[in-house]
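[1] Pasting the sequence and the predicted model now:
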Amino acid sequence: MARRALLYFSFGGPDGPDDVLPFMQNVTRKRPVPPERLVEVSRHYHLFGGRSPINSINLELIDRIRHALDASGTDLPVYFGNRNWSPYLGDTLRQMGGDGVEEALVFVTSAYGSYSGCRQYRDDLAEALADPANPQIRLFKLRHFYDHPRFVEPFALGAVEAFTRLAEVHGGSAVRVLYTAHSIPTAMAANSEYLLQLGLVRDYVNARLRAETGVRPDSAQVYQSRSGPPSQPWLEPDISDAMAQMHAAGARAFVVIPIGFISDHMEVVYDLDTLAASTARDLGAGFARVATPSASAGFEQLVLDLVREIEDPGFAAPSLPMPLKPVQECQAGCCMPGYVPRSL
């Protein structure tokens, strides 16, 4: 039997001030991002000592995954690779090859389908395998997991707690619930299930809020972290713009649920905890940001469930009641121009 491993594949982030600009250049090497945007986002990192929180979060989660695999009796070594910073994917593949790994299941730290959230990772895997300096390890990307309880339930629990707390101060009718995700170009969204999948998670959490608070809160899907040129249409509204408009219409507090992210990184700690929170303060409004799920107890089991689905054909991972389930393997050409996504 081929020697198999698990590859934990993430975005990456700088470890210190000297890393910020090289990291930003890596991130944007294939994208038409204006130079002034690079400078602006670099400043965000420097507000936090030039270090992204995603690095320590990934390492801690990988350690939890290793312990859970050991506890389950699963002999599956875990390796860590990034797209944009150390440990780089190519370096990790060469380490795996040196250890005798012949095939690997790949967990990507994105729950949804889109070009930047899935296809680009797949392209990077293919590009790495095409490099003659890297070993020819067979790689299989694990499926999207927007329907998994370990991903969605922490959002629901956090939303109920935050809404209840703010409603006690401001009244339930004055609290708005904002579901936020990374903005992407509208053309990219049209070629993927990104909006559909976000909507499924949003609908589930909204239903839980109604069931557990007895209130049907006003809610909206908003976006953040736009990075493209002004001439290119991206998903809107921006979260801070939406907060200002809602406040003018009577909102007095905001529950922000970052359903687009599995863990904290700069787009969370700056765009939400710093920028959106500052918008709320300027408006004199209450603000609560629900935690991302990777830190929740048992999140590592999600990864084990996805692995077991591959290794045990008779096993199906826990799934929330959603009308559209993730496919086990992406279709050819998905998230590319001209692709027609599934619909409800």
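    That came through, no problem. This structure is a prediction, so every number in the text was calculated from the model and none was measured.
[2] Enumerate the helices of this protein by residue range, in sequence order.
    According to DSSP state H, the chain carries its helices in the segments 20-27, 35-46, 54-71, 89-98, 120-130, 149-170, 186-190, 194-213, 239-248, 266-269, 277-283, 299-311.
[3] so who does residue 301 touch?
    Applying C-beta atoms under 8 Å, 6 or more residues apart in numbering to residue 301 gives the contacts 68, 150. For the C-beta atoms, the positions are set from N, CA and C on the backbone; glycine is no exception.
[4] rewinding a little: with respect to burial, which of the helices of the chain scores highest?
    Mean neighbour count (mean count of other C-beta atoms under 10 Å) peaks for helix 266-269 among these, with a mean of 22.
[5] Give me the below-cutoff pLDDT ranges for this structure.
    Residue ranges of the chain with pLDDT under 70: 1, 32.
[6] Would you mind giving the domain segments of it?
    Split into domains by automatic domain parsing, the chain comes to 4-146+297-311, 149-294.
[7] hmm, back to that, between the helices of the chain, which gets nearest to residue 141?
    helix 120-130 (5.9 Å; C-beta to C-beta).
[8] Now do that closest one: distance to the chain's middle.
    Chain-centre distance of helix 120-130: 19 Å, with C-alpha atoms, centre = their mean, to the nearest Å.
[9] tell me the angle that helix makes with helix 89-98.
    For helix 120-130 against helix 89-98, the angle by axes from the mean of the first three to the mean of the last three C-alpha atoms, to 10 degrees is 50 degrees.
[10] any residues touching helix 120-130, and which ones?
    When contacts are defined by C-beta under 8 Å, 6+ apart, helix 120-130 is touched by residues 9, 83, 89-90, 93, 106, 108, 110, 134, 136-137, 139, 141, 330.
[11] CA-only coordinates of it in CSV, if you can.
    Only the C-alpha atoms of helix 120-130 are listed here, as CSV (Å, rounded to 0.1, in the frame of the first residue of the first chain):
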residue,chain,number,x,y,z
GLN,A,120,-6.2,28.6,-7.0
TYR,A,121,-5.1,26.1,-4.3
ARG,A,122,-5.7,23.3,-6.8
ASP,A,123,-3.7,25.2,-9.5
ASP,A,124,-0.8,25.7,-7.0
LEU,A,125,-0.8,22.0,-6.2
ALA,A,126,-0.6,21.2,-10.0
GLU,A,127,2.1,23.8,-10.6
ALA,A,128,4.2,22.4,-7.7
LEU,A,129,3.9,18.9,-9.1
ALA,A,130,4.9,20.2,-12.6
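[12] Go ahead and confirm residue 202 touches residue 179.
    Yes. Residue 202 lies in contact with residue 179 (C-beta atoms under 8 Å); the separation is 4.7 Å.
[13] Please enumerate the shared neighbours of the two.
    Residues touching both residue 202 and residue 179 (C-beta under 8 Å, 6+ apart) are 219, 221, 259.
[14] my guess is the second one meets residue 176, correct?
    No. Using C-beta under 8 Å, residue 221 is not in contact with residue 176; the gap is 12.0 Å.
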